[in-house]
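Participant: Okay, sequence plus prediction incoming.
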Amino acid sequence: MISRNSLAALAILSGLIFPNFACLADTSSSNNYKVLATDKSGLNLLTVRSYLKKGDDFFLKGDLDKARKEFDKARDISKQLLSFYRDLGGAFKGLDARIPRDMDSKSRQVIKILAESNLRLATLFRKKKQPEVAVPLLVEVVRIMTPAKTEGQQAYQALVELGFSDIPYAGSRKNIY
């Protein structure tokens, strides 16, 4: 018992005498710890945006196959993120309101990017003369963004242009009556 007390006293005393002694803990930055917060990890909004940008570059160069691959990657990761954010938010409902709010905010960002991915893919399929492949993407944009949002209006307008729908949406116009 005496040896335990003397060891404890020695430890406390050494902490007081050598307060600036280097700590053995890892001192790397939190950026190294948060590996999913970088654009190289593949599971965040930065990565999705980088895939969209790469796809845009390929699209402008006329390489539609490579553009499609990049847009598909952006779409797939967006769907994964949306599912994960919703699951996490649901798990914490009623326990800690901050987490579901944060997950809902992130979900809204992902939904917007998913709609952008779908619109780009639909444009690509229309350019490739494959409008039947563009229709499900455009319908999904209208569903997830609603016709009240710009992306939903663009998608519905494209459906009208393709002949899938006959009635133009006038909801975005101001009522003059």
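Facilitator: Okay, I see it. Not measured: the values here are computed from a predicted model.
Participant: switch to C-alpha atoms for all contacts and neighbour counts from now on
Facilitator: Will do.
Participant: so after the one helix or strand in the chain whose mean pLDDT sits lowest, what's the next helix or strand?
Facilitator: Least confident helix or strand of the chain, by mean pLDDT, DSSP states H and E, is helix 30-33 with a mean of 55. Helices and strands here follow DSSP states H and E; after helix 30-33, the next one along the chain is helix 45-61.
Participant: Buried residues in that following helix, which are they?
Facilitator: Within helix 45-61, the residues scored as buried using 16 or more other C-alpha atoms under 10 Å are 45-56, 58-59.
Participant: How about stretch 62-77?
Facilitator: For stretch 62-77, the neighbour count (16+ other C-alpha under 10 Å) marks L64, K66, A67, R68, K69, E70, F71, D72, K73, A74, R75, I77 as buried.
Participant: so of those, which ones are in helices?
Facilitator: Those of those mapping onto helices are L64, K66, A67, R68, K69, E70, F71, D72, K73, A74, R75, I77, per DSSP state H.
Participant: Assign P168 to helix, strand or coil.
Facilitator: Here P168 is recorded as coil under DSSP: H, G, I helix; E, B strand; the rest coil.
Participant: contacting residues around it?
Facilitator: Q157, V160 (C-alpha atoms under 8 Å, 6 or more residues apart in numbering).
Participant: so how far is V139 from it?
Facilitator: Remark: distance between P168 and V139 (C-alpha to C-alpha, to the nearest Å) = 15 Å.
Participant: now F59
Facilitator: In terms of C-alpha to C-alpha, F59 sits 22 Å off from V139.
Participant: Then Q130?
Facilitator: 15 Å.
Participant: now do S78
Facilitator: From S78 across to V139, the span is 17 Å (C-alpha to C-alpha).
Participant: Neighbour count for these two, which is higher?
Facilitator: S78 (27 against 18; other C-alpha atoms under 10 Å).
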